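[1] Using only what follows, build the 3D model:
(one chain, ligands or ions: 3)
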Amino acid sequence: MNEEQIFSQIRAALPALVGQEKRMRHILGVEEEAKALSELFCAAGLLQKGEAKKLHLAALVHDITKTKTTAEQLQLCCKYGIATDARLQNSPKLLHAYTGGPYAAQRFGAEWIDDDVQRAVRYHTTGRAGMDLLEKLLFLADYIEARRTWPACVTLRAEFWCPGIERFDKEALSKHLDRVLIHALDQTLFELLSEKQLIDPDTVSARNALLLSQKQLQEKTDTKTVEKENA
Ligand code: DGI
Ligand code: FE
Ligand code: FE
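    Numbers count the residues shown, from 1 in each chain. Ligands and ions are numbered 1, 2, ... in the order given. The predicted structure is shown next:
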């Protein structure tokens, strides 16, 4: 099977597997957003073609198990050997991020839904410390896709797609992405706190790691500036 065929096969199978028009529209929105992000990051030289294909696959399958009930999710966890503790069982919105990758790999083949694609799906809801670019871009595409109308998503979309972004160099674009991801995680944490929901440690670690890397980069820039001024 070639690349075009696998994409058509997944697109044809998804509506029956997902079973909800609204969720399908969101998935296609994430696919479109992922394409736009791929173009931008490939043009800046930060993303290779092979990674763009993985991002496209991950976008299509990221919510493949989202419409399943908690009981079905827990059954899938058993089937795929995913350990669930009380915290996870009480955070049902997180389960689809665990089951989506293995389910998609079983349905469409692990040669397409490989470890990188599965990892992007696994962390698309919480993020994690040390996310790679594929994971970051799926997380962002899911957050800002055009059909999301929640005010925080609308604001984040405008913040990311700022005027002149296509002229950012590698360093500026990487920094900009991390800054927007920190805001996205801040919003999620605000929401979880205000709803008295359990917070996954990965959500906190993702934000901490991004903040730390941002601070370290800033310190490096400040040191360089001081060195230049003293030279
Ligand atoms: O599946 P989607 O709706 O497209 O988006 P998603 O996979 O990002 O899921 C969003 C939901 O996940 C949102 O209601 C907040 C929730 N969420 C994100 N991080 C955490 C979380 N829920 C809990 N309990 N804990 C988290 O750390
Ligand atoms: Fe999701
Ligand atoms: Fe989603």
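[2] pretty sure residue 187 is touching residue 159, no?
    No. Under the criterion of CB atoms under 8 Å, residue 187 makes no contact with residue 159, lying 10.9 Å away. In short, each C-beta sits where N, CA and C put it, glycine included.
[3] Compare those two (neighbour count), which wins?
    Taking other CB atoms under 10 Å, residue 187 and residue 159 do not tie; residue 187 has more neighbours (17 against 14).
[4] What distance do you get for the more buried one to residue 106?
    In this view, residue 187 and residue 106 are 33 Å apart by CB to CB, to the nearest Å.
[5] Quick check: which helices or strands does the top helix by length along the chain pack against?
    Counting by DSSP state H, the longest helix found in the chain is helix 201-230. Other elements packing on helix 201-230 under the criterion 3 or more CB pairs under 8 Å, 6 or more residues apart in numbering; DSSP states H and E are helix 170-194.
[6] is any part of the helix it packs on close to ligand 1?
    Yes. With CB under 6 Å from any ligand atom as the criterion, ligand 1 is reached by helix 170-194 at 188, 192.
[7] and the angle for that helix with helix 201-230?
    Angle of helix 170-194 versus helix 201-230, following axes from the mean of the first three to the mean of the last three CA atoms, to 10 degrees, is 140 degrees.
[8] How about the residues of this structure by ligand 1?
    Residues of the chain that fall close to ligand 1, judged by CB under 6 Å from any ligand atom: 26, 63, 66, 91, 93-94, 97, 124-126, 142, 188, 192, 197-200, 203.
[9] Nice, that's everything, thank you.
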